[in-house]
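[1] Got a sequence here, can you model it:
(chains A, B, C and D)
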Protein chains: 2
Amino acid sequence: MKRPTIHDVAAAAGVSRGTVSRLLNGDKYVSPAARVAIERAISETGYVVNRAARSLVTQRTGSVVMVLSEPHEKLFEDPNYSTMIRVAIRMLAERDLSLVMMLAGDEADRERVVRYVRGGHADGVLLVSTHAGDPLLDALRSGPPAVSCGAVIGRETVIPYAAADDRLGARQMTEYFVGLGRRRIAMITGPMDTPGGIQRLEGFADVLGRKATKRLIAHGDWTQASGERAMTELLERTPDLDAVFVASDLMAAGALAALRAAGRRVPDDVAVGGFDDSPVALSTHPPLTTIRQPLAEMAQETLRLLLALIDGADHVDPVILPTELVIRASA
Amino acid sequence: MKRPTIHDVAAAAGVSRGTVSRLLNGDKYVSPAARVAIERAISETGYVVNRAARSLVTQRTGSVVMVLSEPHEKLFEDPNYSTMIRVAIRMLAERDLSLVMMLAGDEADRERVVRYVRGGHADGVLLVSTHAGDPLLDALRSGPPAVSCGAVIGRETVIPYAAADDRLGARQMTEYFVGLGRRRIAMITGPMDTPGGIQRLEGFADVLGRKATKRLIAHGDWTQASGERAMTELLERTPDLDAVFVASDLMAAGALAALRAAGRRVPDDVAVGGFDDSPVALSTHPPLTTIRQPLAEMAQETLRLLLALIDGADHVDPVILPTELVIRASA
DNA sequence: AAAGCTTCTGTGAACGTGCACAGTAATCTT
DNA sequence: AAGATTACTGTGCACGTTCACAGAAGCTTT
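    Take a look at the predicted model:
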């Protein structure tokens, strides 16, 4: 049994294709009589427009592609993705756009994404956790509009984005430690080729100035294991530290394990602060004091930017959203 | 500047559209000379096939839709989704299929999904965490093939699926408790309208038989908060329990908090076992003894089933994969 | 009464592809 | 040598939609 076409609807309603098409596309010139006849015909026949046929003539696809740039192994360790996906689906659905997911973990993936996008298969591109200098950025320069959730600045390409104010968040946590009277405050950063890695360290340094010496800083790669490693390293290097700001909750969970292994009490001996306010912050012991990123708003703003560009805006400004200190038991 | 079409490629290679089309679609009748000429023309022009045009004639869309049936709030609390999404993207990409994401949290969403699928916009449907009796199941009966990750049995509709052997997993944990010499073993189940909720309780009862009394069983809804609540309830009801099997790690994390609040030591006073082996199992204190589900294989098998059906198989058998006991510090 | 709007409708072409079919040349079989 | 098979190529049509255009009918203005 064939699917009904616009012809069938037109025949059932006693009008022509054109009129049905006008109704479907919100054109104003449709008489009330035709309108009700067509609407009845649509529901009777169970007609659904054929997107392929529409695409062919409109040169639009009705879909947006979300590109996840994380290497495969650690994909989705981060709960940000979940929020992003959920918000994207919702906001796109309102505009009758669908969300296509692609990976860009290795070179072959990236090539596939470029082919897909340049092939005109998407009306917009949603970048997530793209690293600075990712070759994808240049490749995507021409083509449909692209935005990023989280800051991203390529070589020459600047992509509009919505992000949390990482630097502010780091300042908030560091100032909180200072206010608690902690004297030797260390930090575990993220990778220094990510905005979060760089800017959270900047905020830390903003507050501590010259006191933020190299001995107090260790680097991780966002994973729990790397947090544990970095904490062990810091304890060896600076045994008398009394606070540590960890650039992500997951790494902070690792740091807590290392502190426990070393026999330090948290927060009595060492205050620990995380970043993200991810679910894991609640299941550590003690629960983590952390910096909340407005994940949902970041996702919403990112989509707002993209939709504006799709609608033809020729320029949009990046959006930077404030973070918030969440005090729990670890500091 | 217009995108090159198959005409342009044909002209550049000095052959006809038909020959280019044959090469593109893997038809064997293409001469070596034509082959190289066309391949060069393709890379020179940067040609990418127009999927909309192809869809129009083949009646295939080149995409598979993944339907997430979780209510919005708690969407993605569960790390299963991440694995599923990642595996799906990978395996579909190999076949040049793309992954479209949709939500089916409320009635409006569900209607949208049905319209989308019945409208012929997907070659296959990937159901995730669909509840028994979901109206979506009946609506999807006709149309492209659908499979589920995790068991799902509707009223009349039976959908092929790949799932972990929940019942076996529950038996493994319960037997482990018995082997440890625990005498009063309680359980916190998941919602009783989900396969995981039902089957994990069945496995528990398989081992304990008549000893699995109502007093030893409490129900949660997979959330951490519900685990805490259920544990508190159990402690009031049966203060002398010495072990508890919790049907998910996240709920187990909640249970641990309740036990700590009640002053019980884990595992000395009460042994705790989780289910899932999710990341949270590592960040609890003590780390959780749990049941590992072969998430990646489940996802792979689910996709294998779907691809087989898309390729025309008229029947596939469900796949049930064994679970594994992972011993850590909580029991 | 003619001309000009406004509101609405139908029609033909075009979008880019795959497929059935017809056709050609070369090779193999009898 | 004639026919049959194999290997390859080109052409016309169909897929279902939107859009530009032409035109009809009713109303208002000149």
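[2] residues in contact with stretch A:228-245?
    If you take Cβ atoms under 8 Å, 6 or more residues apart in numbering or on different chains as the criterion, stretch A:228-245 is touched by A:170, A:173-174, A:177, A:180, A:182-188, A:204, A:215-216, A:218-220, A:246, A:251, A:254-255, A:257-259, A:261-262, A:264, A:269-273, A:275, A:331. Where you see a C-beta, it was placed from the backbone N, CA and C, and this is true even at glycine.
[3] actually stretch A:110-122, not the one I typed
    A:59, A:61, A:63-65, A:67, A:100, A:102, A:104, A:125, A:134-136, A:139-140, A:142-144, B:3, B:46, B:48-51, B:93, B:98.
[4] Please pick the buried ones from the contacts of stretch A:228-245.
    When the contacts of stretch A:228-245 are checked for burial by 16 or more other Cβ atoms under 10 Å in any protein chain shown, the buried set is A:170, A:173-174, A:177, A:182, A:184-188, A:204, A:216, A:218-220, A:246, A:251, A:254-255, A:257-259, A:264, A:270-273, A:275, A:331.
[5] what's the neighbour count on residue A:44?
    Here the count is done by other Cβ atoms under 10 Å in any protein chain shown, and residue A:44 has 13 residues near it.
[6] So for residue A:20, what's the pLDDT?
    At residue A:20, the model reports a pLDDT of 95.
[7] tally of neighbours for it?
    Neighbours of residue A:20 (other Cβ under 10 Å): 27.
[8] coming back round to it: could you flag which of the contacts of stretch A:110-122 are buried?
    A:61, A:63-65, A:67, A:100, A:102, A:104, A:125, A:134, A:136, A:139-140, A:144, B:48-51, B:93, B:98.
[9] restrict those residues to contacts with DNA strand C.
    The subset of the buried ones among the contacts of stretch A:110-122 within reach of DNA strand C, by Cβ under 7 Å from any atom of the strand, is B:49, B:50.
[10] and the closest residue to DNA strand D within the stretch 101-250 of chain A, what does it touch?
    Of all residues in the stretch 101-250 of chain A, the one sitting closest to DNA strand D is residue A:123 (13.6 Å; Cβ to the nearest atom of the strand). Residues near residue A:123 by Cβ under 8 Å, 6+ apart: A:60, A:61, A:62, A:63, A:64, A:97, A:144, A:310.
[11] how about it, phi and psi?
    phi -90, psi -10 (degrees, to the nearest 10).
[12] Roughly how far does it sit from residue A:302?
    Computed as Cβ to Cβ, to the nearest Å, the residue A:123 to residue A:302 distance reads 15 Å.
[13] in the stretch 201-331 of chain A, what residue is nearest chain B?
    Residue nearest to chain B within the stretch 201-331 of chain A (Cβ to the nearest Cβ): residue A:285, separated by 3.7 Å.
[14] Against residue B:23, how distant is that residue?
    If you measure residue A:285 against residue B:23 using Cβ to Cβ, the figure is 61 Å.
[15] Kindly report the same for residue A:82.
    Separation of residue A:82 from residue B:23 (Cβ to Cβ): 41 Å.
[16] go on, residue A:83?
    Computed with Cβ to Cβ, the distance linking residue A:83 and residue B:23 is 43 Å.
[17] same thing with residue A:18?
    Separation of residue A:18 from residue B:23 (Cβ to Cβ): 38 Å.
[18] And residue A:127, by the same measure?
    According to Cβ to Cβ, residue A:127 stands 33 Å off from residue B:23.
[19] ok, now residue A:150?
    For residue A:150 relative to residue B:23 (Cβ to Cβ), the value is 41 Å.
[20] Chain B contacts on the stretch 51-200 of chain A?
    A:51-53, A:55-56, A:61, A:63, A:72, A:75-77, A:79, A:81-83, A:85-86, A:89-90, A:93, A:98-103, A:109, A:112, A:115-116, A:118-121 (Cβ under 8 Å from any Cβ of the partner chain).
[21] Check those residues for burial and list the buried ones.
    Buried among those (16+ other Cβ under 10 Å): A:51-52, A:55-56, A:61, A:63, A:75-77, A:79, A:81-83, A:85-86, A:89-90, A:93, A:98-103, A:109, A:112, A:116, A:118-121.
[22] Give me the subset of these lying in strands.
    A:63, A:98, A:99, A:100, A:101, A:102, A:103 (DSSP state E).
[23] so which of these comes closest to residue A:224?
    residue A:103 (22.5 Å; Cβ to Cβ).
[24] picking that back up, now for the ones in strands among the buried ones among the residues of the stretch 51-200 of chain A next to chain B, which pair is the farthest apart?
    Farthest pair in these, by Cβ to Cβ: A:98 and A:103, 17.7 Å.
[25] got the residues of chain A near DNA strand C?
    A:14-19, A:22, A:28-34, A:53, A:56-57.
[26] Out of those, which end up buried?
    Using 16+ other Cβ under 10 Å as the burial test, these include A:15, A:19, A:22, A:30, A:34, A:56 as buried.
[27] Next, format those as JSON lines and append distance to residue B:157 and secondary structure.
    Shown next, in JSON lines, are those (distance: Cβ to Cβ, whole Å; DSSP: H, G, I helix; E, B strand; the rest coil):
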{"residue": "A:15", "distance to residue B:157": "38", "secondary structure": "coil"}
{"residue": "A:19", "distance to residue B:157": "38", "secondary structure": "helix"}
{"residue": "A:22", "distance to residue B:157": "38", "secondary structure": "helix"}
{"residue": "A:30", "distance to residue B:157": "39", "secondary structure": "coil"}
{"residue": "A:34", "distance to residue B:157": "39", "secondary structure": "helix"}
{"residue": "A:56", "distance to residue B:157": "34", "secondary structure": "helix"}
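[28] Identify the farthest-apart pair in those.
    Across these, no pair lies farther apart than A:34 and A:56, at 25.7 Å, counting by Cβ to Cβ.
[29] Tell me the spacing between the residue in the stretch 201-331 of chain A positioned nearest to DNA strand D and DNA strand C.
    Closest to DNA strand D within the stretch 201-331 of chain A is residue A:312: 13.7 Å, counting by Cβ to the nearest atom of the strand. From residue A:312 across to DNA strand C, the span is 21 Å (Cβ to the nearest atom of the strand, to the nearest Å).
[30] residues near residue A:158, how many?
    11.
[31] What are the structural domain limits within chain A?
    Per automatic domain parsing, the structural domains of chain A span A:6-49, A:63-164+A:296-321, A:166-292.
[32] what about the second one, start to end distance?
    I take that to be domain A:63-164+A:296-321. Taking Cα to Cα, to the nearest Å as the measure, domain A:63-164+A:296-321 stretches 27 Å from start to finish.
[33] Just checking the distance from it to the centre of its chain.
    Domain A:63-164+A:296-321 sits 8 Å away from the centroid of its parent chain (Cα atoms, centre = their mean, to the nearest Å).
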